[in-house]
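Chemist: mind folding the following:
(one chain, ligands or ions: 2)
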Amino acid sequence: MDNLKTTKKVKHKNIVPKHTIVWKECLTLIKKGIPNITYNTWFLPIKPYELENNTLKILVPNNYFVEWIEEHYNTLINNTISQVLGKDGKLVYLINEAEEEVEDTTTLPQSTEQKKPDPIIPANNFNTNLSPRYQFDNYVKGEANELARAAAIAISDNPGETSFNPLFIYGGVGLGKTHLIQAIGNNILVKFPAKKVIYLSADIFTTQFVESIQTNKVGEFSKFYNELDVLIIDDIQFLTGRERTQDLFFHIFNNLHQARKQIILSSDKPPRDLKGMNERLISRFNWGLTVDVQPPDFETRVAILKNKSLSFGIELTNEIIELIAYNITSNIRELEGTLIKLLANASLNSKEIDFELARKTIKEISTQKKQTNISIDNITRIVCKEFDVDENKVREKNRKKEVVLARQVAMYLSKKLTKSSLKTIGLHFGGRDHSTVIHAYNNIEKLTSEDVSLNEIVTGLKNKLELGL
Ligand code: ADP
Ligand code: MG
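Modeler: Ligands and ions are numbered 1, 2, ... in the order given. Just a heads-up that it's a prediction; the model follows:
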């Protein structure tokens, strides 16, 4: 790290910007006040961005950093800033989508200075919205994403010229759709720098469209999109139910497709399941290649964890990697989250990352998940679906046998899985009082101990809710 910094400094000797100098001074002070591991984990990845009057803007890799730093080191930061910038000194955090500076702090073999463009300055003055952190070479290949990845690579070699037009990638959250479709964009720009590539989510597309209507600029809006070489739209499911946006998108799609321009879409479900999406669009989504990404298998999870931990600058034993891979199975975002949390825990307690700490962290994450995802409403919805009864009936005084059972199961699970009081739970089910909830709880305990199939259903519901499915 020191070496890297030194070479950087020598290289830009006379043009070191003021914000860099100021942030360096801050770092020197911060370093004195905290353990090394904390410094390396939380402060080194930060990049200075701009100094304006007395306000220093810094780029942090993600929100989690801001929250963590503010929570644990607010005073240290404030003191440092007023020492360096004076009493009126201010610090502003900016989230750096690029995030590759995390690698700067690591012992990774690749150099950090070459490749990626500065995320703030758009290529060719054209804002692509692409984040350089999404590349093919940091996308771990596995059975679950093999086909999607192969198609993505093929497209980036030959945009618009393969039969994969559009490329439609679908799958659940955190499985790497955004990563993959942005990697295509980034790669196309390396090979064909003059191409107009744009990435955006369908939500933003819709917002822009609505704004263009309000400002009488629909013509300009469609012109802009019709002139692209590569259009990448993420989370296309956001277009469902938005008919006017769909109409406009339909025309843009046709124009681009006809002109052999590449269209890349992602979605949380396959085209046929997009309720509220115009049939003619659905049929076009299937014109090229529709391919899914699945949750990663164990081996892929291990590979991803190895890869990510290295890029975070830590080396974990196989035992720890396997422990995480074994326990965190749902998606890749969660694998990443676990690593970040593990780092945080290590640095918070000035501890080495060992098996015990990993175990504790995983446990913390699963309890956290339970608390955040489970609400009485959520429970009611899922229970009613399982028992096929109307949610409203469960909230009313309906005494039909199957409604009563669903209601009691919902009350039972609400008591088990949330921290709500008996009174609150009763209020959610038609204003019943706490003794009714106790009765329901006891009754379901009894019934599940006697009835194997009911027990199975209730356990299944509990697992489903705890896993946030
Ligand atoms: P989605 O768009 O499907 O919800 P993302 O593309 O945002 O998922 O992926 C979530 C996180 O996991 C991102 O940080 C991404 O870089 C990472 N990720 C996903 N798939 C892979 C993979 N195969 N290899 C490495 N990192 C991955
Ligand atoms: Mg996404």
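
Chemist: quick one: stretch 46-65 near ligand 1?
Modeler: No: applying C-beta under 6 Å from any ligand atom, one finds stretch 46-65 separated from ligand 1 by no less than 9.4 Å. Yep, even glycine has a C-beta here, placed from its N, CA and C like the rest.

Chemist: so which bits of that stretch are buried?
Modeler: 46-49, 51, 54, 56-62, 65 (16 or more other C-beta atoms under 10 Å).

Chemist: I304 and I181: what is the separation?
Modeler: 18 Å (C-beta to C-beta, to the nearest Å).

Chemist: so whichever residue of the chain sits closest to ligand 2 is in which element?
Modeler: Using C-beta to the ion, the closest approach of the chain to ligand 2 is made by T178 at 3.3 Å. With secondary structure defined by DSSP states H and E, T178 is part of helix 177-191.

Chemist: that helix near ligand 1 at all?
Modeler: Yes: using C-beta under 6 Å from any ligand atom, helix 177-191 reaches ligand 1 at 177-179.

Chemist: thinking again about what came up before, I'd guessed the residue of the chain closest to ligand 2 sits against S266; true?
Modeler: Yes: T178 is in contact with S266 according to C-beta atoms under 8 Å; the separation is 6.8 Å.

Chemist: so which of these two has more stuff around it?
Modeler: Per other C-beta atoms under 10 Å, whichever of T178 and S266 has more neighbours is S266, with 25 against 20.

Chemist: leaving aside the residues adjacent along the chain, what's closest to the more buried one?
Modeler: K177 (4.1 Å; C-beta to C-beta, 6 or more residues apart in numbering).

Chemist: wait, that neighbour sits on I232?
Modeler: No: using C-beta under 8 Å, K177 makes no contact with I232, being 10.9 Å away.

Chemist: neighbour count: these two, which is higher?
Modeler: Looking at K177 and I232 with other C-beta under 10 Å, you find the greater number of neighbours at I232, namely 26 against 23.

Chemist: let's see the pLDDT reported for that one.
Modeler: At I232, the pLDDT value in this model is 98.

Chemist: how about the contacts made by it?
Modeler: 181-182, 184-185, 197-200, 264-265 (C-beta atoms under 8 Å, 6 or more residues apart in numbering).

Chemist: now those residues as a markdown table including pLDDT?
Modeler: As requested, those are exported to a markdown table (pLDDT from 0 to 100):
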| residue | pLDDT |
| --- | --- |
| I181 | 98 |
| Q182 | 97 |
| I184 | 98 |
| G185 | 97 |
| V197 | 96 |
| I198 | 96 |
| Y199 | 96 |
| L200 | 95 |
| I264 | 98 |
| L265 | 98 |
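
Chemist: which parts of the stretch 251-400 of the chain sit against ligand 1?
Modeler: 304, 332-333, 336.

Chemist: of those - the most surrounded one?
Modeler: Most surrounded of those: other C-beta under 10 Å gives I332, at 26 neighbours.

Chemist: neighbours around the nearest residue to I374 once chain neighbours are set aside, how many?
Modeler: Closest residue in space to I374, ignoring its immediate chain neighbours: L417 at 4.8 Å, by C-beta to C-beta, 6+ apart. For L417, the count of nearby residues is 20 (other C-beta under 10 Å).

Chemist: so what pLDDT did L417 get?
Modeler: 87.

Chemist: got the phi/psi numbers for V92?
Modeler: With angles defined as degrees, to the nearest 10, V92 sits at phi -120, psi 130.

Chemist: following element in sequence after the helix or strand of the chain at the bottom of the mean pLDDT ranking, please.
Modeler: Using mean pLDDT, DSSP states H and E, helix 101-104 stands out as the lowest-scoring helix or strand of the chain, at a mean of 33. Sequence order places helix 146-157 as the next helix or strand after helix 101-104, per DSSP H and E.

Chemist: helices or strands next to the next helix-or-strand element following that next one in the packing?
Modeler: Note on helix 146-157: by DSSP H and E, the next helix or strand toward the C-terminus is strand 167-170. When contacts are defined as 3 or more C-beta pairs under 8 Å, 6 or more residues apart in numbering; DSSP states H and E, strand 167-170 sits against helix 146-157, helix 177-191, strand 262-267, strand 289-292.

Chemist: again, only using 10 Å
Modeler: helix 146-157, helix 177-191, strand 262-267, helix 279-285, strand 289-292 (3 or more C-beta pairs under 10 Å, 6 or more residues apart in numbering; DSSP states H and E).

Chemist: pairing partners for that strand, with directions?
Modeler: If you go by DSSP bridges, strand 167-170 pairs up with strand 262-267 (parallel), strand 289-292 (parallel).

Chemist: with just CA atoms, put the shortest one into PDB.
Modeler: Which is strand 289-292. Taking C-alpha atoms only, strand 289-292 is exported to PDB below (Å, rounded to 0.1, in the frame of the first residue of the first chain):
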ATOM      1  CA  LEU A 289     -32.400 -15.200 -25.900                       C
ATOM      2  CA  THR A 290     -34.300 -15.600 -22.600                       C
ATOM      3  CA  VAL A 291     -32.100 -17.000 -19.900                       C
ATOM      4  CA  ASP A 292     -32.200 -17.300 -16.100                       C
END
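
Chemist: quick one: contacts of that strand?
Modeler: Residues from elsewhere that reach strand 289-292 (C-beta atoms under 10 Å, 6 or more residues apart in numbering): 144-152, 154-155, 162-172, 175, 177, 265, 267, 269-272.

Chemist: what count of nearby residues applies to the closest residue to V437 other than its chain neighbours?
Modeler: Once flanking residues are discounted, V437 sits nearest to L422: 4.6 Å by C-beta to C-beta, 6+ apart. Residues near L422, counting by other C-beta under 10 Å, number 19.

Chemist: mind listing what L265 touches?
Modeler: Counted by C-beta under 10 Å, 6+ apart, L265 has contacts 166-170, 177, 181, 202, 231-237, 239, 253, 271, 284-285, 288, 290.

Chemist: distance of it from ligand 1?
Modeler: Distance, L265 to ligand 1, using C-beta to the nearest ligand atom, to the nearest Å: 12 Å.

Chemist: any figure for the gap between that residue and S283?
Modeler: L265 is 14 Å from S283, by C-beta to C-beta.

Chemist: OK, contacts around A346?
Modeler: A346 makes contact with 35, 37-38, 41, 314, 352-354, 357-358, 361 under the criterion C-beta under 10 Å, 6+ apart.

Chemist: try 7 Å this time
Modeler: 37, 352-353, 357 (C-beta atoms under 7 Å, 6 or more residues apart in numbering).

Chemist: drop anything exposed from these.
Modeler: If you count burial by 16+ other C-beta under 10 Å, the buried members of the contacts of A346 come out as 37, 353, 357.

Chemist: can you give me the neighbour number for N286?
Modeler: For N286, the count of nearby residues is 13 (other C-beta under 10 Å).

Chemist: ok, S222 next?
Modeler: There are 17 residues near S222, going by other C-beta under 10 Å.

Chemist: ok, it touching I252?
Modeler: Yes: using C-beta atoms under 7 Å, S222 makes contact with I252 at a distance of 6.3 Å.
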